[in-house]
Structures are given as C-alpha cells and as structure tokens.
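Colleague: Sequence and predicted structure are below.
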Amino acid sequence: MQKVHAYLKKEYPRFLEELKEYVSLGGVSARGDKQEMQKCAEWLLAHCRKIGLSAMLYQTAGNPVLVATTKNNSTKKLHYIVYGHYDVQPPEPLELWKSPPFTPTVRGGKLFARGASDNKGQHFAHLKAVEAYIKTGTPLPCDISFVIEGEEEVGSSNLSIFLQKNKKMLAADGVVISDTTMPSLKTPAITYALRGIAALEVTLRGADRDVHSGSYGGSIENPAFALVHLLATLRDKKTGKILVRGFYDGVCALTVKERKEMHEVGADDAERYRAFLKVPCLFGEKGFSHIEHTTIRPTVEINGLTSGYQGVGSKTIVPSLARAKITMRLVPHQKPSVVFAAVKRHLAAHCPKSVTMEIKSGHGAEPYLFEPNSKAVRAAERAIKRVFGVSPRFIREGGSIPVVTDFNKILGLHSLLIGLALPDDNAHSPNEKFELANFKRGMALSAELWQELVL
C-alpha cells in the first residue's frame, strides 16, 4: 500500500490534467447530441485501456455504457462494481458562470467546470486508485468492474435494460458509488437513504395560435393565467403542504436516533443555510427543519415555465399555450407511478374547462433505503477514518440515483454510497466545482477501501 499511495501523490499533477481534459468534453445527455456523448464515452474507453483495464463500450438505444474491469475469470476473488456517469446537466444560464462551463479552471484549490463534481471527478478518483495498484504491480485484493453510463441525468432507462441483459457478466458482491455528498470538508459521510423522483410536463392550450391581446384579450382564457392558477392548487401557500390527495401515503416519520444524528451534523444551522443560498428567508413544510425538507419529506417542484413572448421588449399577445416542467421528489415507501397518477388526477380535477390539457410523464426512480450495519459499511467506515482521521456520519440525501434501485432489484446488490462532493459544489447550477482536497482524499480512500472490503 505504501507504493500505491506514493504513486497517487507523485502522479497527482497528471491526474488533475486528465480530469480537466475529461470534464472539458461536455456530455449533456438532455440535449440528445449522440456525437457529443459518443466522443465522451470513447475518451473514457481509451483512458481505461491506457491505465491497464480491460474495457468495452456497449451501445444502447441511448448513450453507450462503459464496462472496464480488472476481473480475471479464473480467480475466485470478491467482485465489486464501481458505478459512475459521464453525462452532465445542461450548463445554462451561461451568463452566471465566472469561467466557461467546459473550460475547466482551478481557483482556490477548486476545479470549476460542469461535471467536475457531478459526477466525473468522483468516479475518476476511483479509476486513479485502481491505476495506482496496476502501475505499481500491487495486487488488488478484489476484482473491480467500472460501469459508467451516459444517461443518469435523464433517468438511466437504458442502463436498466443493459443490466437485465448482462446479469452474468455483472454478477458481483456489491456496488460502490461516489455520487453523493459529505456535510463538510472535515465531515465525511456514508449515505443510507436517497429520495426518488417522478417527472412530468403539463401543457395547457387555448387558441390555435398566439392572438392580438387587444382584439381578443378578455374573451378567451389566457393559458398562462390558467397554468399559474392550476399550479397554485398543488401546494398550500402558508404551510407548504402538498394538497394532492394521497400524496403523503406511506411516508414514515424519522426515528429519534435519526433525528438526533441529523442535528449533530448541523441540521439546525438554518441561518448559515439561508445565507449560503442568499434568500430572504427559508420556506418549507410546516413542522420540519430545512434539512428534513430536503431529505425525509416528499416535494413538488416547478422546474421550468414557458409561455408567450420572451424576447427583448414587448409583444402584445394572448399566448396559445403555457407549459410547466414538474418533478416530485419521493421518500422511502413511495412509488413514482402511484405519485404520478395522484398528481395527474389532481391536475385533471382542477384544470379549467376553458383550456385543454396534455400531461406527459418523464423519468422516474424509486427511493432507496438500507440499514447501515452491513460488513461492507463497516469496511467503508474503517477506510474513511484512516484517510480523513474521523469516523463518517450516516446521512440521508435529497437527490436521486436511479440505478441504485436497479442494482438491487436486477442484480440483487446493495450499494455503498460514499460521497466526495460538498453541499456547495453547485451540482446542477452555474459554477459547479470539485474540491481538489477531496479528489486527493477520494483516491486514497478508494485505495484503502478495497483492502478493507476483503477482511
């Protein structure tokens, strides 16, 4: 292990340059640019082969899935999968970036670029740890397969099909994922619960074209007005409670122990949270703290609104349509299909007859919850303490990783969620960053983890 850690330290400048090249490639899956996604996947394929892994790209109906492995079929070692995704969120609004999103820039010990933290930097740390084993001739105590996809940010639907078709190849003892967060640079964490997601798009239509607001305004419904009134029926404006019938069915309360652990990692520091977001005050479902709002309570959020003229100056029209993109974040014991159906019924019941409505379902993922007492979790605790100098906290995350439930349902595997990102890394926002201190520690942690997992 001494040789492994010495290699990681010596080669770090090169690793950083390689990571910068990786994030500069883009890979916005939401755009549907097959050429861009293929280029990113092929770079990753070449890199994996260069560091000594056996690697292949598997084409899907969407973007390619990379599988890169150390596995020798003649061995009887334990086998672990490392999951990651090379696709990233759209970078807009571009004007809010301090440096171009795909021109990686280091400032103050941080790498700024879209995808630096979510998720390229995190899984790249695992790749570099394995490279250190291979290049120093240090035997890996277990076999490792990297499964890195290009559709996590749009629901991972094709990865589910890929897992179904390749169960034998991917038979393993567990999954390691670094696509979550830690509370602070000094507080590492293991995530034991994730929220799920259900997405939809609702469109209201009035006239068959935009019409003159002077000649026709007041005689027909304005779809923009109708939409904002319809959306307002989803939530109580004072209490923050979602008003959809059956929305909270199956939602469980926190145990006393879980609530205590939340408070120990700063859940009560609402003022610092407010200041970080630069909002006048916090808002959320009455009776819960801000950290509970973002981890243990389900939500409905409007992600985007579109209607009418949005260019420079004014255009006096009654728009022909109005559209909203909506996502619901779900907590353990909720099902995306059930919640989607409940919201659809609610919208249908409250939609005015003066417009027509169309609802399209989007991607969905089930919530994930496991009891953090497994042998693998204890191994991760030891590795984290050795590298960070402190024991990890056990936390819930507000985001979703669709494939976690697929690994469990399709391959029968539990996932070990060890985050290297920070809450202020601006995932999905302008000025996304990755702390280079966590890149270094992530590599060291990965190197130690494989040793601990076989004990």
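Modeller: Now that the structure is in, tell me what you want to look at. Every value quoted in this text rests on a predicted model; they were computed, and no experiment measured them.

Colleague: any low-confidence regions in this protein?
Modeller: Across the chain, the ranges flagged by pLDDT under 70 are 72-75, 265-268.

Colleague: in it, which spans are helices?
Modeller: Counting by DSSP state H, the chain has helices at residues 2-10, 12-24, 34-50, 121-136, 157-165, 223-232, 256-264, 270-277, 290-293, 336-350, 375-388, 402-411, 436-453.

Colleague: Format those as a markdown table; extra columns: distance to residue 91 and mean neighbour count.
Modeller: Where you see a C-beta, it was placed from the backbone N, CA and C, and this is true even at glycine. Output for the helices of the chain, formatted as a markdown table (distance: least, CB to CB, whole Å; neighbours: other CB atoms under 10 Å):
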| stretch | distance to residue 91 | mean neighbour count |
| --- | --- | --- |
| helix 2-10 | 30 | 15 |
| helix 12-24 | 11 | 17 |
| helix 34-50 | 13 | 17 |
| helix 121-136 | 16 | 24 |
| helix 157-165 | 23 | 18 |
| helix 223-232 | 27 | 19 |
| helix 256-264 | 32 | 14 |
| helix 270-277 | 20 | 12 |
| helix 290-293 | 27 | 19 |
| helix 336-350 | 27 | 17 |
| helix 375-388 | 31 | 18 |
| helix 402-411 | 22 | 21 |
| helix 436-453 | 21 | 22 |
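
Colleague: so which of those helices comes closest to residue 83?
Modeller: Ranking the helices of the chain by proximity to residue 83 (CB to CB) places helix 402-411 first, at 6.3 Å.

Colleague: Centre of the chain to that closest one, how far?
Modeller: Relative to its parent chain, helix 402-411 has a centroid offset of 15 Å by CA atoms, centre = their mean, to the nearest Å.

Colleague: how far off helix 157-165 does it point, in degrees?
Modeller: Per axes from the mean of the first three to the mean of the last three CA atoms, to 10 degrees, the angle that helix 402-411 makes with helix 157-165 is 20 degrees.

Colleague: Please list the outside residues in contact with helix 402-411.
Modeller: 81, 83, 149, 152, 155-156, 159-160, 163-164, 167, 170-172, 175, 177, 194, 196-197, 363-368, 413-415, 417 (CB atoms under 8 Å, 6 or more residues apart in numbering).

Colleague: for stretch 211-225, same thing?
Modeller: With CB under 8 Å, 6+ apart as the test, stretch 211-225 has contacts from 204-207, 307-308, 316-322, 352, 354-355.

Colleague: quick one: which of those residues is most hemmed in?
Modeller: Tallying neighbours with other CB atoms under 10 Å puts residue 204 at the head of these, with 27 neighbours.

Colleague: what's across from that one in the sheet?
Modeller: Per DSSP bridges, the residues bridged to residue 204 are residue 322, residue 357.

Colleague: In this structure it contacts residue 229, no?
Modeller: No - the criterion here is CB atoms under 8 Å, and residue 204 misses it with residue 229 at 10.1 Å.

Colleague: Spatially nearest residue to residue 39 (excluding sequence neighbours)?
Modeller: Distances taken as CB to CB, 6 or more residues apart in numbering put residue 25 closest to residue 39, at 6.2 Å, once the chain neighbours are dropped.

Colleague: Can you get me a residue count around the one you found?
Modeller: 19.

Colleague: Now do the contacts for it.
Modeller: Neighbouring residues of residue 25 by CB under 8 Å, 6+ apart: 36, 39, 40, 43, 102.

Colleague: Please apply the same query to residue 360.
Modeller: Here residue 360 is in contact with 200, 201, 202, 203 (criterion: CB under 8 Å, 6+ apart).

Colleague: just residue 16 next, same as before
Modeller: Counting by CB under 8 Å, 6+ apart, residue 16 makes contact with 106, 111, 436, 439.

Colleague: between these, which is nearest residue 126?
Modeller: Nearest to residue 126 among the contacts of residue 16: residue 439, at 11.1 Å, using CB to CB.

Colleague: doesn't residue 20 make contact with that closest one?
Modeller: No - counting by CB under 8 Å, residue 439 does not reach residue 20; the two are 11.2 Å apart.

Colleague: ok so, going back, what about the residue nearest to residue 39, distance to residue 54?
Modeller: Counting by CB to CB, to the nearest Å, the gap from residue 25 to residue 54 is 22 Å.

Colleague: ok, now how distant is residue 149 from residue 27?
Modeller: Distance of residue 149 to residue 27, computed by CB to CB: 11 Å.

Colleague: Quickly list what's touching both of the two.
Modeller: Common neighbours of residue 149 and residue 27, using CB under 8 Å, 6+ apart, are 86, 87.
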